[in-house]
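> quick one: sequence plus predicted model below, questions after.
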Amino acid sequence: MIGLARDGGAILGLIVIGGTILMAALAPALSPADPVKNSLIDRLAPPMWSAGGSAKHPLGTDTLGRDVASRLLYGARVSLIVGLAAVVVAGVLGVALGLVSGYYRGFTDDALMRLGDVQLAFPVLVLAVAVLAVLGASLANVILVLGVTGWITYARIVRGETLSLRQREFVEAARALGATDRYLLWRHILPNVLPPVTVVATFSVARTIIAEASLSFLGLGIPPPAPSWGAMLDEGRNYITTGWWLALFPGLAILLLVLGINLVGDWLRDQLDPRMERSM
């Protein structure tokens, strides 16, 4: 935690992230109403501080009379689950393949890197849309698709670090003492590639949250009526003038959470791996 107290941005980011996690965890207790219950008599009610608003629905209601505040709280759960789970899938897959590629080199390295090049030829969202159109929209499929499409970033970073580490003296010494490849990878190389992987994973959570919101906006995310910030943006885009709160609040939620994660990521990059480019 060196330098955290002097980094206002990191502290702000941690507050935003911690607040979002807390609100998501306490959503059943904090929600003023059922997030999926329709009430057409209450449709398009404005926030409580606007004319015609009510404390019953502090942030107003949507076109079906569902409480916006409740949907935001439960939507935070979706964003956090997808963001973290997809990054875990991508990280585990990418780190494993990167270690194998960098350590064994040769045909294995060439095959894995060319596979990565082929995947990079397709924009992530385009590839995700194509796969989800076939598999169908669901929470598990969104996590799987975003995880599998993100492995190459980790693999390339880990491969580069492994190519350097495998020639280091401490690895050569362990090999001379009879250490197996598995032991060298697990005990000597993996711990030394984790700092840059941790930094990349932090920024990847933010990118994955945006990707999930984009897929939900396109109708390929979490199936309705489950609340999702991206789907809420899609529902509110046609009511910008008459129901401005429908798009404003989920948009602000995405902005603040992504900003908070990126601020923490900047601090982690400086602490764990100052060699990494600021423009990553």
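Cool, got the structure.
> now do the buried residues in the longest helix seen in the chain.
For the chain, the helix reaching the highest residue count under DSSP state H is reported as helix 68-104. Residues of helix 68-104 classed as buried by neighbour count (16 or more other Cβ atoms under 10 Å): 68-87, 89-91, 93-103. (Glycine included, C-beta is placed from N, CA and C.)
> which strands or helices does that helix pack on?
helix 8-25, helix 27-30, helix 106-120, helix 139-148, helix 151-165, helix 190-217, helix 229-236, helix 245-272 (3 or more Cβ pairs under 8 Å, 6 or more residues apart in numbering; DSSP states H and E).
> one more pass at 6 Å, please.
Secondary-structure packing of helix 68-104 (3 or more Cβ pairs under 6 Å, 6 or more residues apart in numbering; DSSP states H and E): helix 8-25, helix 27-30, helix 106-120, helix 139-148, helix 151-165, helix 190-217, helix 245-272.
> do you know which of these lies nearest Pro47?
helix 245-272 (5.4 Å; Cβ to Cβ).
> pLDDT on that closest one, on average?
Helix 245-272 shows a mean pLDDT of 90 in the predicted model.
> ok, now which ones touch Arg43?
If you count contacts by Cβ atoms under 6 Å, 6 or more residues apart in numbering, Arg43 has them with 63, 65.
> one more time with 10 Å
The neighbours of Arg43, taking Cβ atoms under 10 Å, 6 or more residues apart in numbering as the test, are 61-66, 243.
> that one and Ser214, how far apart?
In this structure, Arg43 lies at 27 Å from Ser214, with Cβ to Cβ, to the nearest Å as the measure.
> how far off helix 229-236 does the longest helix of the chain point, in degrees?
Between the axis of helix 68-104 and that of helix 229-236 there is an angle of 130 degrees, by axes from the mean of the first three to the mean of the last three Cα atoms, to 10 degrees.
> point out where the stretch 151-280 of the chain drops to low pLDDT.
Screening the stretch 151-280 of the chain residue by residue with the criterion pLDDT under 70, one finds the ranges 273-280.
> about what we covered before: select from the contacts of Arg43 the one having the most neighbours.
Neighbour counts for the contacts of Arg43 (other Cβ atoms under 10 Å) peak at Thr61, which has 30 neighbours.
> for that one, list the residues it contacts.
Taking Cβ under 10 Å, 6+ apart, we find Thr61 in contact with 33, 38-47, 53-54, 67-71, 243, 245-246.
> on that earlier part again, turn the helices and strands packed on helix 68-104 into CSV, including mean neighbour count and distance to Pro225.
Output for the helices and strands packed on helix 68-104, formatted as CSV (neighbours: other Cβ atoms under 10 Å; distance: least, Cβ to Cβ, whole Å):
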stretch, mean neighbour count, distance to Pro225
helix 8-25, 16, 18
helix 27-30, 12, 15
helix 106-120, 14, 33
helix 139-148, 20, 14
helix 151-165, 22, 32
helix 190-217, 21, 13
helix 245-272, 20, 15
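> out of the ones you listed, which gets nearest to Ala128?
helix 139-148 (4.8 Å).
> what's the angle between the closest one and helix 106-120?
Taking the same axes, to 10 degrees, one finds that helix 139-148 is oriented at 120 degrees with respect to helix 106-120.
> related to what we said a few turns ago, distance between the longest helix of the chain and the chain's centre?
On the basis of Cα atoms, centre = their mean, to the nearest Å, the separation between the geometric centre of helix 68-104 and that of its chain is 6 Å.
> same check, this time on stretch 134-144
Averaged over its C-alpha atoms, stretch 134-144 has a centre that lies 15 Å from its chain's centre (Cα atoms, centre = their mean).
> cool, stretch 16-27 as well?
If you compare the mean C-alpha spot of stretch 16-27 with that of the full chain, they lie 15 Å apart, counting by Cα atoms, centre = their mean.
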